[in-house]
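# got a predicted model here, sequence first, then my questions.
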Amino acid sequence: MARLSRIREDVPGAETRVHLIQGQFYVSGDPNVVVTTTLGSCIACCIYDPVNRVGGMNHFLLPHGESASGPNAVRYGAHAMELLINGLLRAGALRSDLQAKLFGGGRISDHLPDVGGQNATFAENYLRHEGIKLLPGSVRGRMARKLQFWPATGRARQLAIHGDDRLFRQDDADVAAPPVNRPVEIFET
């Protein structure tokens, strides 16, 4: 497993927050765990087994790469998805019960290739090929996202971070703060 940034509240019954960055994944069945990340063009795949109440999330940067081996392999979708699914199966999930939600894949700048769209298409095709049910999530669009995922319940919540290309130009000294939005809950229907 990739190294994790982990913050634990020392209050009884408090949530344990696990924050993922690019190339990381985390699997748990603990109802007190919430996995978080921030996404632009990257994808986070949240997979959950509702029968065995175990789930996990990954965060990958690109769909695939020419040299997708060694320590850099975790940055690529194919490797990240394999690690997450295998981690879930080792934790007691059954492949036949897995359900997924995808988040991220935003087109953050018109001046760059649509890597986010490529990431989203890759993840959707990967899940379809693996026979994993894809539930509603939030991919593509023109925004970044902050994401929370409770792996033991499958609950996901995102906060949209709206901005424009000015946020990514270093020569722009006066950048207004993006508007604050309310979190959106994504539940199974």
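Great, that's in hand.
# could you say which helix or strand holds the residue nearest the centre of the chain?
Nearest to the mean C-alpha position of the chain, by CA atoms, centre = their mean, lies Ala44 at 1.6 Å. Under the criterion of DSSP states H and E, Ala44 resides in strand 43-49.
# strand partners of that strand, parallel vs antiparallel please.
Next to strand 43-49 in the sheet, as set by DSSP bridges, lie strand 54-60 (antiparallel), strand 99-104 (antiparallel).
# can you name the element that comes right after the shortest one?
Going back to what we said before, that points to strand 99-104. Sequence-wise, the next helix or strand downstream of strand 99-104 (DSSP H and E) is helix 115-130.
# is it possible to get JSON lines of the strands paired with strand 43-49 that adds mean pLDDT?
As requested, those are exported to JSON lines (pLDDT from 0 to 100):
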{"stretch": "strand 54-60", "mean pLDDT": "98"}
{"stretch": "strand 99-104", "mean pLDDT": "98"}
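# tell me the most buried of those?
Mean neighbour count, computed with mean count of other CB atoms under 10 Å, is highest for strand 54-60 among the strands paired with strand 43-49, reaching a mean of 28. To be clear about C-beta, it is placed using only N, CA and C from the backbone, and glycine gets the same treatment.
# output that one as PDB, nothing but the C-alphas.
Presented in PDB, the C-alpha positions along strand 54-60 are these (Å, rounded to 0.1, in the frame of the first residue of the first chain):
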ATOM      1  CA  VAL A  54     -16.000  -2.800   3.700                       C
ATOM      2  CA  GLY A  55     -14.900  -0.200   1.200                       C
ATOM      3  CA  GLY A  56     -12.000   1.800   0.000                       C
ATOM      4  CA  MET A  57     -10.800   4.700  -2.200                       C
ATOM      5  CA  ASN A  58      -7.900   5.400  -4.500                       C
ATOM      6  CA  HIS A  59      -6.600   8.600  -6.000                       C
ATOM      7  CA  PHE A  60      -4.800   8.400  -9.400                       C
END
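# before we move on, the earlier item: who's in contact with the residue nearest to the centre of the chain?
Leu20, Thr37, Met57, Asn58, His59, Leu102, Phe103, Gly104, Leu147, Phe149 (CB atoms under 8 Å, 6 or more residues apart in numbering).
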